[in-house]
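Asks: how would this look folded up:
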Amino acid sequence: MLGIGTAHWRHAVCALGVLAFVCTPLNAEEDVDAGSEDQAGEAAKPSQGGQKTASSFGSRAAILSISLSPSGKKIAYIGPDASHGEYLNIVDLENGAAVKTISANSQKVGDLSWCEWATETRLLCQLDGRGETGGVIVPFDRLFAIDDDGSDAVQVSTRRSVRARNFNQFGGDVVALDVEGEAGSLLVTRNHVNDSALALVSSSVNRTGLGIDLLDIETKKRKTRERPDEKAVRYIADDKGIVRLKTRMLTEGLGNDAVQFVYLYRPEGETKWEPMGNVILDGKKVSDFVPRAVDNARNVAIGFTSLNGFTALAEVALDGSGKGRILLARDDADVDELIRIGRQRRVVGASYATEKRNVEYFDPEIAKIARGLNKALPNQPLIDIVGASSDENRLLIAASSDTDPGMVYLFDKTSRKLEPLLPMRDIPAEQTLGAMKPVVYPAKDGTQIPGYLTLPANSEGKRLPAIVLPHGGPAARDYWGFDWLVQFFTARGYAVMQPNYRGSAGYGAAWFGRNGYQAWDVAIGDVNDAARWMVSEGIADPEKLAIVGWSYGGYAALQSQVVEPELFKAVAAIAPVTDLEFLRQDARGYVGFRARDKQLGNGPHIAAGSPKRHADKFKAPVALFHGTLDLNVEVKHSRAMARELRKAGKTVAYTEFEDLEHSLRDSQARTRMLGEIDAFLTKALGR
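Replies: Next up, the predicted model:
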């Protein structure tokens, strides 16, 4: 939650409304304003071909979220409208499989993020919103329920009392479905806030913090299952819907100085919370086990720990002994994801990424199904189980590849039938996509850097205009698979290189190092070495070499000019960090301030690693893009960068998107941005 006064919350709430999303008429006129341009430089105008391609790849995915009903006979999915809104659609697989739109969201400052079947006829959905007040961007969310014919839409999140002393920022998370085997019974978290009237009477009846309610989705009645705990930040139920784990965040001193997380568990059949205490994995004591799930049948917590410098998956008995074992570990990659299935999200495997994403299943039946699906879909090797019926006889499967944005299938275990249902993205059939190839290249110090090279379809890969596309984060990495940015640029004739520079996540602690901010010189050096490798291999024309990045990738694109202003001939940065001290100050007032402060550190690297302070070194033209409600990187970063470049007499164009967030979830805005980047690069590179 944010550390700001209660008086500042009202504007943010009113900006979204309680059920503005689901109450919007389907034929309502939409705001199509994509943003405004800074007068520091006029954005280049895209060509007709560039604009058409930008529209193909700038449009958001056709399926943003999808869920299978308990019977496996219906699908609910969220799809985008032509700009920033979403539609909630129902597909009855037993009665013609026609798509029926039951609700819509046209709010620009919020998103319909997910919907899950609570019963066979009723859905639970979440709305994510954001607003700005007093210079602070406020994120918040609300849960609502709706029948599958669009009727009886009601807010499920508890409403704020008129006497409440604080705004309830978050509306609750689903902890378990079908509690005690009863459809429509849910466990949802509830954030309790102070009631000013009760506080005057007795603090003992005015508890604050995170608790859990048992909610009947049909009657809307609630019962307290877990009393509020002011330090609790997460609850985890087992695969039977019994709450077994609680995470508490301890603080020290004043403000938002979070110190550590403490994990509590419930012994089987008991109600009292016990500290997890010492954890011993394969005979060795560990101090960093982080539980993420509970297997009821085996009475174990499943979570992550470090092993030989990499993240591994482990299980720990919930019997007080603290004993456990490593389930999956690698010496070349972090195990970073649990694979879950079913309405209670039981753990059936885990995954890690080397050159491609790999999954290891612990459940023999699911492993057998996965092998069969891989044989049936050889050209779509990235296969995920994204939904299941209550009995798990029907599964929703999403399958894709680097050159295929994907298809959702329905798999019936009984009949062994695999049926294609919905494409995940609308790409014109005539649009040929470029294959993504895993590569390694040498950094200046000889370290081999992994990455992905994508060439235009049917290209020989010689002396092409080329783009280095560093990922965001920096605690992230690029993966093999469909990437709409990459495919846009290859469709426009560019070779695209995505380096997983040192400071990226997924490759272990040594690769992550001091992170991409404190050791920005290492990360930026690896990014620039990717460009030099493309030139040395004859792939890139050195006079037609550009760098494009989003978030930290935008920071890397700008900082590359500070380090080597002659290397790239054009720079495009989307929502970039431009000053490391700005980034630190952006976090003040939020609970994550201490973590951000620690991430950045202090020292000469702050000034040296802030491109805004070195605008005089830039030689390449720059194009900047930013949304005004960016919670990750405040819009002041791009505004200040444009201003400093302009003062230094440099060429800069800046496009700002009103009320959009960090990822610019708006098809029109993304289309416009891609078209302007394409035109900017065409002009700057003399194509």
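Asks: now the helices for the stretch 1-150 of the chain?
Replies: All helices of the stretch 1-150 of the chain, identified by DSSP state H, counting those that start in this stretch, fall at 9-16, 48-58.
Asks: please apply the same query to the stretch 401-550 of the chain.
Replies: With DSSP H, counting those that start in this stretch as the criterion, the stretch 401-550 of the chain has helices spanning 484-491, 509-512, 515-518, 520-536.
Asks: make a markdown table out of these and add mean neighbour count.
Replies: Backbone N, C-alpha and C define where each C-beta goes, glycine included. Converted to a markdown table, these look like this (neighbours: other C-beta atoms under 10 Å):
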| stretch | mean neighbour count |
| --- | --- |
| helix 484-491 | 24 |
| helix 509-512 | 16 |
| helix 515-518 | 24 |
| helix 520-536 | 22 |
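Asks: can you redo these as CSV with distance to V188 and mean pLDDT?
Replies: Output for the helices of the stretch 401-550 of the chain, formatted as CSV (distance: least, C-beta to C-beta, whole Å; pLDDT from 0 to 100):
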stretch, distance to V188, mean pLDDT
helix 484-491, 34, 98
helix 509-512, 35, 97
helix 515-518, 35, 97
helix 520-536, 41, 98
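Asks: for V243, which of the ones you listed is the nearest?
Replies: With C-beta to C-beta as the measure, helix 509-512 is the member of these nearest V243 (32.5 Å).
Asks: what residues does that closest one touch?
Replies: With contact meaning C-beta atoms under 8 Å, 6 or more residues apart in numbering, helix 509-512 is reached by 306, 309-310, 475, 502-505.
Asks: for those residues, which one is nearest Q155?
Replies: Q155 has its nearest neighbour among the contacts of helix 509-512 in A475, at 34.9 Å by C-beta to C-beta.
Asks: rewinding a little: mean pLDDT for the helices of the stretch 1-150 of the chain: which is lowest?
Replies: Of all the helices of the stretch 1-150 of the chain, the minimum mean pLDDT falls on helix 9-16 (a mean of 33).
Asks: sorry, back to before: closest one to D586 among the helices of the stretch 401-550 of the chain?
Replies: Between the helices of the stretch 401-550 of the chain, helix 515-518 lies closest to D586; by C-beta to C-beta that is 13.1 Å.
Asks: just the CA trace of the closest one, in CSV.
Replies: C-alpha atoms of helix 515-518 as CSV (Å, rounded to 0.1, in the frame of the first residue of the first chain):
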residue,chain,number,x,y,z
ASN,A,515,22.4,-6.0,-11.0
GLY,A,516,22.0,-3.8,-14.1
TYR,A,517,22.0,-0.5,-12.2
GLN,A,518,24.9,-0.8,-9.8
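Asks: now do that helix: distance to the chain's middle.
Replies: 20 Å (C-alpha atoms, centre = their mean, to the nearest Å).
Asks: ok, now stretch 136-147?
Replies: What separates the centre of stretch 136-147 from the centre of its chain is 17 Å, taken as C-alpha atoms, centre = their mean.
Asks: same question for stretch 302-318.
Replies: On the basis of C-alpha atoms, centre = their mean, stretch 302-318 sits 23 Å off its chain's mean C-alpha point.
Asks: just stretch 556-572 next, same as before
Replies: With C-alpha atoms, centre = their mean, you get 27 Å for stretch 556-572.
Asks: in stretch 301-309, what's buried?
Replies: Within stretch 301-309, the residues scored as buried using 16 or more other C-beta atoms under 10 Å are 301-307.
Asks: export those to a markdown table and tack on pLDDT?
Replies: Formatted as a markdown table, the buried residues of stretch 301-309 follow (pLDDT from 0 to 100):
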| residue | pLDDT |
| --- | --- |
| A301 | 98 |
| I302 | 98 |
| G303 | 98 |
| F304 | 98 |
| T305 | 98 |
| S306 | 97 |
| L307 | 97 |
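Asks: could I get those in CSV, plus columns for secondary structure?
Replies: Shown next, in CSV, are those (DSSP: H, G, I helix; E, B strand; the rest coil):
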residue, secondary structure
A301, strand
I302, strand
G303, strand
F304, strand
T305, strand
S306, strand
L307, strand
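Asks: could these go into TSV alongside distance to R416?
Replies: Shown next, in TSV, are these (distance: C-beta to C-beta, whole Å):
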residue	distance to R416
A301	35
I302	30
G303	35
F304	35
T305	38
S306	41
L307	39
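Asks: so which of those is the closest to E116?
Replies: I302 (21.9 Å).
Asks: surely the closest one is in contact with N296?
Replies: No. Between I302 and N296 there is no contact under C-beta atoms under 8 Å: 11.4 Å.
Asks: which residue ranges of the stretch 201-350 of the chain form strands?
Replies: Using DSSP state E, counting those that start in this stretch, the strands assigned to the stretch 201-350 of the chain run over residues 209-216, 222-229, 232-237, 243-251, 258-265, 274-275, 279-281, 284-286, 290-295, 300-307, 310-317, 323-328, 335-341, 346-353.
Asks: if I read this right, R477 contacts Q498, doesn't it?
Replies: No. Counting by C-beta under 8 Å, Q498 is not a contact partner of R477; they are 9.2 Å apart.
Asks: what sits in contact with each of those two?
Replies: Common neighbours of R477 and Q498, using C-beta under 8 Å, 6+ apart, are H471.
Asks: take the helices of the stretch 401-550 of the chain and lay them out in CSV including distance to S663.
Replies: Output for the helices of the stretch 401-550 of the chain, formatted as CSV (distance: least, C-beta to C-beta, whole Å):
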stretch, distance to S663
helix 484-491, 11
helix 509-512, 23
helix 515-518, 19
helix 520-536, 21
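Asks: and the ones you listed: which comes nearest G49?
Replies: Closest to G49 of the helices of the stretch 401-550 of the chain, according to C-beta to C-beta: helix 484-491, at 9.6 Å.
Asks: next, the angle from that closest one to helix 48-58.
Replies: 150 degrees (axes from the mean of the first three to the mean of the last three C-alpha atoms, to 10 degrees).
Asks: and helix 484-491, what does it pack against?
Replies: Under the contact criterion of 3 or more C-beta pairs under 8 Å, 6 or more residues apart in numbering; DSSP states H and E, helix 484-491 touches helix 48-58, strand 448-454, strand 495-499, strand 540-550.
Asks: contacts for that helix?
Replies: So helix 484-491 is contacted by 53-54, 56-58, 405, 425, 431, 433-434, 436, 454-457, 467, 469, 496, 498, 548, 550, 674, 678 (C-beta under 8 Å, 6+ apart).
Asks: mind running it again at 6 Å?
Replies: Residues outside helix 484-491 that contact it (C-beta atoms under 6 Å, 6 or more residues apart in numbering) are 53, 57, 433-434, 454, 456, 467, 496, 674.
Asks: restricting to C-alpha, output it in CSV.
Replies: The C-alpha coordinates for helix 484-491 follow below in CSV (Å, rounded to 0.1, in the frame of the first residue of the first chain):
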residue,chain,number,x,y,z
TRP,A,484,5.4,-8.7,-31.3
LEU,A,485,8.1,-6.0,-31.2
VAL,A,486,10.7,-8.3,-32.7
GLN,A,487,8.3,-9.5,-35.4
PHE,A,488,7.3,-5.9,-36.3
PHE,A,489,10.9,-4.9,-36.9
THR,A,490,11.8,-8.0,-38.9
ALA,A,491,8.7,-7.5,-41.0
